[in-house]
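Trainee: Okay, structure incoming, though there's no sequence with it:
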């Protein structure tokens, strides 16, 4: 990983870091290379399924169709710092 | 009499006898909060707590939580009470609802009195990367030592006997490690046993809510109330109602088979800690329990931290992508919505959290995912399979919780290390497998506490509490706090 690679990732993440922090990240990515070697040795191309959740999850169930009271508009907007006329206000999109 | 020095069960007896009232407890707790020197609290619910306490006048004999004050880690939602997640990004966020565990405790008439500090968004293990500065260890008069994180404020509050219990969350060791440094009982349940509704997700596949108490019995008290199905959390498991205290003091504890993972135990070099650990093992054997050393392979042990680092960074990045400065958080300004998002995320996150997100973004990218994130998920399965093999022959695993007492602030570094200490970084195996685990105090070194750690298979909490209770009786560290410690 180099500075250019990190800057590409930063762009996607919508923040930036100082050059000192980027240098630190480059060092940390070097450590990561060793972590990955360790994991490669451990997993060693064994035919094993990834473990996502620690329990077998029932994922295809439906809740009872019970109507619930939705949040009121002013509640939804309670934590919004920039709002106008009952809506979230941001700068021009187009 | 300083009633807050008591455990939940003891305090309940005093409340029932009316030797103390909830209002007296809340007033006492608020004074202790004002005198707190550890930087544990992000917000004190002073008026709300007093108002609630005033209404509680008739004790409920069968409700052990009635009138008991508690504190809540600040990544757990509290209705109409500011909940920052320890992040500048959310420093003015006020949830519209209570987390289910908070709701259940309130319904039982326990009284939340404060929100507690944590490492930003739960990321970081030392309690130093917080919104309000490092949380200090109340046992340390020099104010140099950490208490550990990320549930740092919740640990400090209970060690300081401000409340008899607190809520925390645990993703890798965020309850069980600070419990060691704080001389507390710290409990992490089976993944999915307690509702996570209202917890700010850090890592959905590893996160659990849990608690700090000053006795093993009190863990059972809380679990008996809080382990119930919550339709609001799709990952909450429906289990049959059980009494988690039913095995305490049961004579069949002598049939318990305990495994010690040799490689982790051997990684501890401190003679004081090792002596306390060996004495506990001897006492267990003397009482008829079988205690054996077992082995895990070196590649597995070396893979623990890398697996955790990859899984946690990736999922933290994904979960916190929603923090964009638009729907909630302070006004970070910006001409366009993209400017707002950039300004919010740039100014709102600490350097450490940003670095973790860079890794997470890397792990989740299409070209790297299989060689990083999926690889870690495979390693996770292999690790869990091996730990489960131990549980075929043994009821619990027992180890020192940490290889040292709490380090100094200046000694901790939040950078990833080439060879992370095994004895300081193994607890995540519990999170990988969704195993319940518990830390409890075993001794002191240089006036700082350290703990033992008990781990068992999924949904085996009653056994965990039984064995931990026996170890508690062996160590003698029941209801330990800075105010109750006998020197």
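Mentor: Looks like it came in fine. On a predicted model such as this, the values are computed, not experimentally measured, just so you know. Numbering: from 1, shown residues only, chains lettered A, B, ... in the order given.
Trainee: In contact with the residue nearest the centre of chain A: list those residues for me.
Mentor: The structure's chain A has its C-alpha centroid closest to residue A:13; by CA atoms, centre = their mean the separation is 8.9 Å. Under the criterion of CB atoms under 8 Å, 6 or more residues apart in numbering or on different chains, the contact partners of residue A:13 comprise B:317, B:345, B:354, B:357-358, B:361. For every residue, glycine as well, the C-beta is placed using N, CA and C.
Trainee: How far does stretch B:452-464 stretch from one end to the other?
Mentor: According to CA to CA, to the nearest Å, stretch B:452-464 extends 13 Å from its N-terminal end residue to its C-terminal end residue.
Trainee: in it, what counts as buried?
Mentor: Burial within stretch B:452-464, assessed by neighbour count using 16 or more other CB atoms under 10 Å in any protein chain shown, is assigned to B:452-464.
Trainee: try stretch B:235-244
Mentor: In stretch B:235-244, residues buried by neighbour count (16+ other CB under 10 Å) are B:235-237, B:244.
Trainee: Export the residues you listed to a markdown table and append columns for secondary structure and distance to chain A.
Mentor: Conversion of the buried residues of stretch B:235-244 to a markdown table gives the following (DSSP: H, G, I helix; E, B strand; the rest coil; distance: CB to the nearest CB, whole Å):
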| residue | secondary structure | distance to chain A |
| --- | --- | --- |
| B:235 | coil | 7 |
| B:236 | coil | 10 |
| B:237 | coil | 6 |
| B:244 | coil | 19 |
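Trainee: In TSV, list those along with pLDDT.
Mentor: Converted to TSV, these look like this (pLDDT from 0 to 100):
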residue	pLDDT
B:235	88
B:236	89
B:237	87
B:244	97
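Trainee: ok, so of these, who is nearest residue B:306?
Mentor: For these, the residue nearest residue B:306 by CB to CB is residue B:235; the value is 25.0 Å.
Trainee: ok, the closest one - contacts?
Mentor: Counting by CB under 8 Å, 6+ apart, residue B:235 makes contact with A:53, A:57, B:191-192, B:196, B:204.
Trainee: What of residue B:289?
Mentor: With contacts defined as CB under 8 Å, 6+ apart, the neighbours of residue B:289 are B:253-258, B:470.
Trainee: Now, the residues you listed that are in strands?
Mentor: The subset of those located in strands under the criterion DSSP state E comprises B:257-258.
Trainee: The contacts of residue B:289: which two are farthest apart?
Mentor: With CB to CB as the measure, no two of the contacts of residue B:289 lie farther apart than B:257 and B:470, at 13.3 Å.
Trainee: Which residue of the two possesses the greater neighbour count?
Mentor: Looking at residue B:257 and residue B:470 with other CB atoms under 10 Å in any protein chain shown, you find the greater number of neighbours at residue B:470, namely 22 against 13.
Trainee: roughly how far apart are that one and residue B:232?
Mentor: Distance of residue B:470 to residue B:232, given as CB to CB, to the nearest Å: 36 Å.
Trainee: same thing with residue B:410?
Mentor: When distance is defined by CB to CB, residue B:410 is 43 Å away from residue B:232.
Trainee: So which of these two has more stuff around it?
Mentor: Neighbours were counted for residue B:410 and for residue B:232 using other CB under 10 Å; residue B:232 has more, 14 against 8.
Trainee: mind listing what residue B:359 touches?
Mentor: For residue B:359, the contacting residues are A:28-29, A:32, B:309-310, B:313-314, B:317, taking CB under 8 Å, 6+ apart as the criterion.
Trainee: can you tell me how far residue B:344 sits from residue B:337?
Mentor: Summarising the geometry, the distance separating residue B:344 from residue B:337, computed by CB to CB, is 10 Å.
Trainee: what sits in contact with each of those two?
Mentor: Counting by CB under 8 Å, 6+ apart, the residues touching both residue B:344 and residue B:337 are residue B:326.
Trainee: secondary structure class for residue 39?
Mentor: No chain specified, so I'll use chain A. Per DSSP: H, G, I helix; E, B strand; the rest coil, the local secondary structure of residue A:39 is helix.
Trainee: Residue B:260 too?
Mentor: The three-state label given to residue B:260 by three-state DSSP is strand.
Trainee: For it, name its beta-bridge partners.
Mentor: Beta-bridge partners of residue B:260, counted by DSSP bridges, are residue B:293.
Trainee: Could you report the neighbour count for it?
Mentor: Neighbours of residue B:260 (other CB under 10 Å): 18.
Trainee: Just confirm it contacts residue B:295, I think it does.
Mentor: No - using CB atoms under 8 Å, residue B:260 is not in contact with residue B:295; the gap is 10.2 Å.
Trainee: show me the contacts for residue 3.
Mentor: Chain wasn't specified; assuming chain A. Contacts were defined as CB under 8 Å, 6+ apart; by that measure residue A:3 touches A:19, A:22, A:26.
Trainee: I was thinking of chain B, sorry if that wasn't clear
Mentor: When the contact criterion is CB under 8 Å, 6+ apart, the partners of residue B:3 are B:11, B:14, B:19-20, B:24-25, B:28.
Trainee: ok, now residue B:474?
Mentor: With contact set as CB under 8 Å, 6+ apart, residue B:474 has these partners: B:280, B:283-284.
Trainee: Make a markdown table out of those and add pLDDT and distance to residue B:222.
Mentor: Listed next are those as a markdown table, based on pLDDT from 0 to 100; distance: CB to CB, whole Å:
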| residue | pLDDT | distance to residue B:222 |
| --- | --- | --- |
| B:280 | 98 | 25 |
| B:283 | 97 | 27 |
| B:284 | 97 | 25 |
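Trainee: Of these, grab the buried ones for PyMOL.
Mentor: Paste this into PyMOL to select the buried members of the contacts of residue B:474, with burial taken from 16+ other CB under 10 Å:
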select buried, chain B and resi 280+283+284
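Trainee: where does residue B:334 sit relative to residue B:317, distance-wise?
Mentor: When CB to CB is the yardstick, residue B:334 and residue B:317 sit 22 Å from each other.
Trainee: For those two, indicate the residue with more neighbours.
Mentor: Set side by side, residue B:334 and residue B:317 show more neighbours around residue B:317, with 22 against 18, by other CB under 10 Å.
Trainee: ok, that one touching residue B:365?
Mentor: No - no contact is recorded between residue B:317 and residue B:365 when judged using CB under 8 Å, the distance being 10.5 Å.
Trainee: Enumerate the positions of stretch B:242-258 that are buried.
Mentor: If you call a residue buried by 16+ other CB under 10 Å, then stretch B:242-258 has these buried ones: B:244-245, B:247-248, B:253, B:256, B:258.
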